[in-house]
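Asks: mind looking at a prediction? Sequence and model below.
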Amino acid sequence: MIRCCPTCGRKLSEKFGPHGLTWNENVIFSTVEAAGKRGISSPDLLAKLYQDRANGGPLFARECMYQAIHRLNRKIAATGRQIGRKTKTGVTGIYVLREKGGGPCASWS
């Protein structure tokens, strides 16, 4: 049985994969992974994350996405992978999935 929010009808915190990802974390991970080395821009990732919401998502959607990425990175840390920004242009950036100690953003700490 799928649990849904009584207010908006959205699926509630179903866990995905061996790391126990939430629905939002799973969308972020699969979208960034599918984008490959070229990555995905912050506005495009937000659009993908909240595409099923008629109102476009929460008022502070960008901050919610940042927190979801932070929680996601903590959950997948043991795999040696990390989601981060490859480039920073103002408030947006290009998000990529990198391997620890290498990849397109090897200079990150």
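Replies: Good, I have the coordinates.
Asks: now stretch 39-48: average pLDDT?
Replies: Mean per-residue pLDDT for stretch 39-48: 91.
Asks: and Ala68, how many neighbours does it have?
Replies: Neighbour count for Ala68, taken as other C-beta atoms under 10 Å: 20. (Each C-beta comes from the backbone N, C-alpha and C, glycine too.)
Asks: tell me the contacts of it?
Replies: With C-beta atoms under 8 Å, 6 or more residues apart in numbering as the criterion, the residues that contact Ala68 are Thr22, Asn24, Glu25, Ile28, Leu49.
Asks: hang on, Lys37 packs against Val96?
Replies: Yes - in this structure, Lys37 is within contact of Val96 by C-beta atoms under 8 Å, at 6.7 Å.
Asks: just the CA trace of stretch 46-66, in PDB.
Replies: What follows is stretch 46-66, C-alpha atoms only, in PDB (Å, rounded to 0.1, in the frame of the first residue of the first chain):
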ATOM      1  CA  LEU A  46      14.500  21.800  -9.400                       C
ATOM      2  CA  ALA A  47      12.100  21.500 -12.300                       C
ATOM      3  CA  LYS A  48      12.600  17.700 -12.400                       C
ATOM      4  CA  LEU A  49      12.300  17.400  -8.600                       C
ATOM      5  CA  TYR A  50       9.000  19.300  -8.400                       C
ATOM      6  CA  GLN A  51       7.500  18.600 -11.800                       C
ATOM      7  CA  ASP A  52       4.600  16.700 -10.300                       C
ATOM      8  CA  ARG A  53       3.500  19.600  -8.100                       C
ATOM      9  CA  ALA A  54       0.800  22.000  -9.500                       C
ATOM     10  CA  ASN A  55       2.200  24.900  -7.400                       C
ATOM     11  CA  GLY A  56       5.800  24.300  -8.400                       C
ATOM     12  CA  GLY A  57       7.000  23.100  -5.100                       C
ATOM     13  CA  PRO A  58       7.800  24.800  -1.800                       C
ATOM     14  CA  LEU A  59       8.400  28.500  -1.400                       C
ATOM     15  CA  PHE A  60      12.100  27.900  -0.700                       C
ATOM     16  CA  ALA A  61      12.500  25.100  -3.100                       C
ATOM     17  CA  ARG A  62      16.200  25.800  -3.800                       C
ATOM     18  CA  GLU A  63      17.100  25.500  -0.100                       C
ATOM     19  CA  CYS A  64      15.000  22.300   0.200                       C
ATOM     20  CA  MET A  65      17.000  20.900  -2.700                       C
ATOM     21  CA  TYR A  66      20.300  21.900  -1.100                       C
END
